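In: okay, sequence plus prediction incoming.
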Amino acid sequence: MHVGRGLSYILLAVFVAGVAAVPRLAVGADENTIVFGAALAATGSYAREGALTKEGYDFWSDYVNVHGGIAVGGRKYRVEIRYADDESNPQTAAKLVEKFIDQDHVNFILAPYGSADTFAAAAVVERKKIPMVEGNGASERIFNQGNKYTFGVLSPGRKYLQGVLDMAVHLKPRPQTIAVVSANDLFSIEAAQGALDFSAAHGLKVVYTARYPADTSDVSSVVSAIKAAKPDIIVNGGRLQEALLMQRSLKEQGVNALIFAHSVGPDTPDFRQTLGKDAEYVYGGTQWASNAKYRGAPGFITDSKVYASEFTKRYGHVPSYQNAESSATCLAFQYAIERAGSLDPLKVRDALAALDVVTFFGLLKFDERGINIYKPMVVNQIQHGESVTVWPLGSQVRPPMYPTPPWGSR
Amino acid sequence: MEFNLALQDLVNGILAGGIFAVVALGFSLVWGIMNIINLAHGAYIMLGAYLAYTLFTFWHVDPFVSIPLAFIVLFILGYFIQRYIINFVVRAPILTTFLLTFGLSLLIINIALVVFHGDVKGITTSYTGTNFAVGPVTISWTKLWTLVAALLITGCMQMFLTRTKTGRAIRATSMDIGAAQLSGVNVAHLYAIVYGLGAGLAGAAGVLVSLSYSLQPSMGDPFIIKGFVVCVLGGLGSVQGALIGGILYGILESFGSQWIGTGLQDATALVVLLLVLVVRPRGIIGKAVA
C-alpha cells in the first residue's frame, strides 16, 4: 500500500518532469531551426505599417535561409518566424508575446509595430528574460524603464522631425515661425516634442501647437487653427493615416506654408499613391534611404542600393524605411547570435548589448538603455512622384524644392 | 480673428455633420423600429466605401455616382442578412441581437481584410481638396457636395417613409406591431426591408466617408459610437432627428476640439450626450417612446 503510493508519487514526479521537459524539446522539433515570434498588426490602425514590417522580416529570413542559415557554434541553423495579429492593440501584443514564449517556446522575439505595442511587449520579454529586438517603436519611453532585454535599431522618436527643421534653418529665406501638431500617442508626442525642443534652441517661433486624438477621422478644427496662426513651417507628428488626413485637410482649407512635414507617411508608397500630386513638396523624416552610403558587414546584403533593388524584385515596390528597419531588426539578432555562438537567451542578450556593426541600414549599436542613438535620420521630400533624399548634405540626391508654392499655383 | 476661427469651426462642423446624419439615419431606423442596436453598421459603411473605391480605381466612376449603387447593393445584402439570419432572433432579448450583429461585423471586416488587405487606401478625385472662400471662411467643395448629397439622401428617406405604402407600413409597425399585423403587414418582410434600408444608408454614408477620409477594413467602427450619440441627440427613429442630431454633433465636435481641447474632441460630444439623457431623454426631436 505504502510502497504503491510511493511508486505512484515517483511516477507522478516523472510524469511532471516529463511534461515540463517536453516543451523545452519542442523548440528543437526541427533541431536546426531558430524560431522567432512576432506579434504584428495585420488589422487595426497600424495594419499597413504592420504589413511593411512583415515584409522586412520575411525578406531577411528568406535571404538567410537561401544562403545557408545562421552559424551557431559550428552548426548552421535555418530561421523561422511565427506571426500573430496583435490587432494594433498593446494588450493583445503583450498577450501574444507571452504565448510565443510560454506555449510556442520560440527562441527570440521580433517586436510588434509601433511604440505602444512594443512598450507592452518589452515588459513581457523583460519578465521572461527573452531578448527582443525592435525596429518600429521609436518612443524613448520604451528604453527609459531600465529594461535589459529590449533593443531598438532605429533612431528615437524625437529625432524624426528634427532633421527637417535642421534643413529648414539652413534654407534661404530662413523660415521664422512654426506650427507643431501631433496625434496623442507615445511616438507622435515625442516626435512633436523633439520639434518643439529644436525650435526653441534654434529661434523658430512656435505660433501654434496642439495634440489631436490618434485615429481621429477629422482634424478640420486643428487645421483651421493652423491657418489662423499663419506659420512658415507646419510639422505633424503622426502615422500614415493621420498624415494623409492632415495633408488633405490642409489642402481643403487652402493652408499654405513654406514647409509641410510629417513624421511618418511621406516615405511610404501609399502616401504618394493616395494623394497623387497633392503629396508633392511634402517632407518626411526617414530612418533610411536607399542611396545612403553605408558599407555593411558580410552575412547579409551589404549595400543600401542592392537591398533596395533586391527588395523591389521580390515585393514589387521600393522598400520604405519601415521595411529596411525591420530587416535591420532581424540582422541585429543574426550578428548577435553568431557572436554569442549560442542560442542561450542571456548570451545573445549580452552580444546584442555589445553589438557595434555597420549594416546596409547604418550603424547598429545600442546605448546602455538599448536604443540606437548613433544613427542619424535622413530627410526625404516628394519630388515628381518620388521620395528623394534632400538632407543631410552628405546623402543629398537633389536639393530641396523650396519654398513650397501655394496650393493655387502648383 | 477669434470670431473668424469660430465661424470656420461652425462651417467645418456643419459640413462634417451631413455624414453623421446619414450614418445615424440608418442606425436609428433599425434601432427605433426593430429594437436592434446594429453593431454591423460600421462594417456596412466600410463596404460602401470600398465599393466606391473599387469603382473609382478600376472604372473611374465618380464616387457621387456610386452612391445609389452602394445603396442598392447594401440594401440587398441587408435584406438577406435580416431575412435569413437576424430574423431568427429578432424577438430575443436585445443582448442576443447585439452579439449577433457584433459577430456579423467581425466576419465582414475580416473578409474585407482578406479581400482588400489592411493597407490604408484613399480616393483622390480631380476635385479633392479644391475649395473656395466666403469672406474669412474656406469651404471644401468635396465636403460641400457631401453635405448636399447627405441632405438629398435624408430628404428621399423622409419622402419614402411618409409618402409610400411601405413607408407608412414601416411607421405603423414601429408604433404598434400588433395592429400592423392585423392590418395585413408582413412583419418578417418589412423588418428585412428596414434592415436593408439601414444597411443601404450605411453604404451610402460609406461612399461619402470615402471622399474625405482614408479607407481600411476597420474604418467603420468609430462611426457606430457617433451614430449612437446622434440617435440619442436627435431622437430615435426620426429622419429630422437624425439630420439635426448629425449636424449638431458635427458642430459640437468641431467646437469641442477647438475651444475645449483637441484631445477632447470625442469627449465633448459624449458629455453633451449625458446632458441630453439627463435633461431631455427623448432627444431633441424624438417623441416619448417607452
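Out: Received it, and whenever you're ready, just let me know what you need.

In: for the residue in chain A positioned nearest to chain B, grab phi and psi.
Out: Closest residue of chain A to chain B, CB to the nearest CB: A:Ala47 (2.7 Å). For the C-beta atoms, the positions are set from N, CA and C on the backbone; glycine is no exception. The phi/psi pair for A:Ala47 (degrees, to the nearest 10) reads phi -60, psi -40.

In: just checking, it touches B:Ala112?
Out: No: the criterion here is CB atoms under 8 Å, and A:Ala47 misses it with B:Ala112 at 11.2 Å.

In: quick check: neighbours shared by these two?
Out: Here A:Ala47 and B:Ala112 have B:Pro217 as joint contacts, going by CB atoms under 8 Å, 6 or more residues apart in numbering or on different chains.

In: residues contacting B:Glu253?
Out: With CB under 8 Å, 6+ apart, B:Glu253 has these contacts: A:218, B:13, B:16, B:265-266, B:268-269.

In: for it, which three-state class applies?
Out: Following DSSP: H, G, I helix; E, B strand; the rest coil, the label given to B:Glu253 is helix.

In: quick check: domain ranges of chain A?
Out: Chain A breaks down by automatic domain parsing into domains covering A:31-156+A:291-365, A:159-288+A:377-409.

In: could I get those in a markdown table, plus columns for mean pLDDT, mean neighbour count and distance to B:Pro222?
Out: As requested, the domains of chain A are exported to a markdown table (pLDDT from 0 to 100; neighbours: other CB atoms under 10 Å in any protein chain shown; distance: least, CB to CB, whole Å):
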| stretch | mean pLDDT | mean neighbour count | distance to B:Pro222 |
| --- | --- | --- | --- |
| domain A:31-156+A:291-365 | 93 | 21 | 10 |
| domain A:159-288+A:377-409 | 92 | 22 | 6 |
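
In: reformat those domains as JSON lines; add distance to B:Gln8.
Out: Output for the domains of chain A, formatted as JSON lines (distance: least, CB to CB, whole Å):
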{"stretch": "domain A:31-156+A:291-365", "distance to B:Gln8": "28"}
{"stretch": "domain A:159-288+A:377-409", "distance to B:Gln8": "4"}
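
In: out of those domains, the one nearest B:Val89 is which?
Out: domain A:31-156+A:291-365 (27.0 Å; CB to CB).

In: contacting residues around the closest residue to chain A within chain B?
Out: Residue nearest to chain A within chain B (CB to the nearest CB): B:Gly118, separated by 2.7 Å. Counting by CB under 8 Å, 6+ apart, B:Gly118 makes contact with A:41-44, A:47-48, A:50-51, B:216-217.

In: do the same with B:His117
Out: B:His117 makes contact with A:47, A:51 under the criterion CB under 8 Å, 6+ apart.

In: now do the phi/psi pair for it.
Out: Here is the backbone geometry of B:His117 (degrees, to the nearest 10): phi 70, psi 170.

In: tell me where the stretch 1-150 of chain A has helices.
Out: Along the stretch 1-150 of chain A, counting by DSSP state H, counting those that start in this stretch, helices occupy A:2-27, A:47-66, A:90-102, A:115-128.

In: the residue nearest the centre of chain A and B:Thr101, how far apart?
Out: Centroid-nearest residue in chain A, with CA atoms, centre = their mean: A:Asn136, separated by 1.8 Å. As for A:Asn136, its distance to B:Thr101 is 34 Å (criterion: CB to CB, to the nearest Å).

In: re earlier: look up the closest residue to the residue of chain A closest to chain B, ignoring the ones flanking it.
Out: Leaving aside its chain neighbours, A:Ala47 sits nearest to B:Gly118 (2.7 Å; criterion: CB to CB, 6 or more residues apart in numbering or on different chains).

In: roughly how far does the one you found sit from B:Gln216?
Out: Distance from B:Gly118 to B:Gln216, by CB to CB: 6 Å.

In: list residues touching both of those two?
Out: Common neighbours of B:Gly118 and B:Gln216 (CB under 8 Å, 6+ apart) are A:47-48.

In: who touches residue 184 in this structure?
Out: Using chain A. Taking CB under 8 Å, 6+ apart, we find A:Asn184 in contact with A:211-214, B:263.

In: likewise B:Ala202?
Out: Neighbour list for B:Ala202: B:23, B:26-27, B:41-42, B:44-45, B:48, B:74, B:220 [criterion: CB under 8 Å, 6+ apart].

In: what ranges do the strands span in the stretch 51-200 of chain B?
Out: Taking DSSP state E, counting those that start in this stretch as the test, the strands found in the stretch 51-200 of chain B are B:131-134, B:137-140.

In: surely A:Arg211 is in a helix?
Out: No: A:Arg211: not assigned to a helix; according to three-state DSSP it is strand.

In: correct me, but it touches A:Leu186?
Out: No: judged on CB under 8 Å, A:Arg211 makes no contact with A:Leu186 at a distance of 11.8 Å.

In: so which residues of chain B form helices?
Out: For chain B, the helices defined by DSSP state H occupy B:2-34, B:41-59, B:63-84, B:94-116, B:141-163, B:165-175, B:177-182, B:187-212, B:221-234, B:239-255, B:265-279.

In: dump those helices into TSV; add mean pLDDT and distance to A:Asn291 as well.
Out: What follows is these, written out as TSV (pLDDT from 0 to 100; distance: least, CB to CB, whole Å):
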stretch	mean pLDDT	distance to A:Asn291
helix B:2-34	91	41
helix B:41-59	96	31
helix B:63-84	96	38
helix B:94-116	92	33
helix B:141-163	94	37
helix B:165-175	89	63
helix B:177-182	87	70
helix B:187-212	94	35
helix B:221-234	88	39
helix B:239-255	91	43
helix B:265-279	82	40
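
In: in a markdown table: those, plus distance to A:Ala111.
Out: Output for the helices of chain B, formatted as a markdown table (distance: least, CB to CB, whole Å):
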| stretch | distance to A:Ala111 |
| --- | --- |
| helix B:2-34 | 36 |
| helix B:41-59 | 29 |
| helix B:63-84 | 38 |
| helix B:94-116 | 22 |
| helix B:141-163 | 39 |
| helix B:165-175 | 52 |
| helix B:177-182 | 55 |
| helix B:187-212 | 33 |
| helix B:221-234 | 26 |
| helix B:239-255 | 35 |
| helix B:265-279 | 29 |
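
In: so for A:Glu368, which of those helices sits nearest?
Out: helix B:265-279 (39.8 Å).

In: so what touches the closest one?
Out: Contacts for helix B:265-279 (CB under 8 Å, 6+ apart): A:212-213, A:216, A:218, A:221, B:225-226, B:229, B:232-233, B:249, B:252-253, B:255-257, B:260, B:283-284.

In: convert that helix to PDB, retaining C-alpha atoms only.
Out: What follows is helix B:265-279, C-alpha atoms only, in PDB (Å, rounded to 0.1, in the frame of the first residue of the first chain):
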ATOM      1  CA  GLN B 265     -13.000  66.100 -29.400                       C
ATOM      2  CA  ASP B 266     -14.900  62.900 -28.700                       C
ATOM      3  CA  ALA B 267     -15.300  63.600 -25.000                       C
ATOM      4  CA  THR B 268     -17.200  66.800 -25.700                       C
ATOM      5  CA  ALA B 269     -19.900  65.200 -27.700                       C
ATOM      6  CA  LEU B 270     -20.200  62.400 -25.200                       C
ATOM      7  CA  VAL B 271     -20.600  64.900 -22.300                       C
ATOM      8  CA  VAL B 272     -23.400  66.500 -24.300                       C
ATOM      9  CA  LEU B 273     -24.900  63.100 -24.800                       C
ATOM     10  CA  LEU B 274     -25.000  62.600 -21.000                       C
ATOM     11  CA  LEU B 275     -26.600  66.000 -20.500                       C
ATOM     12  CA  VAL B 276     -29.300  65.300 -23.100                       C
ATOM     13  CA  LEU B 277     -30.000  62.000 -21.500                       C
ATOM     14  CA  VAL B 278     -30.500  63.700 -18.100                       C
ATOM     15  CA  VAL B 279     -32.400  66.800 -19.300                       C
END
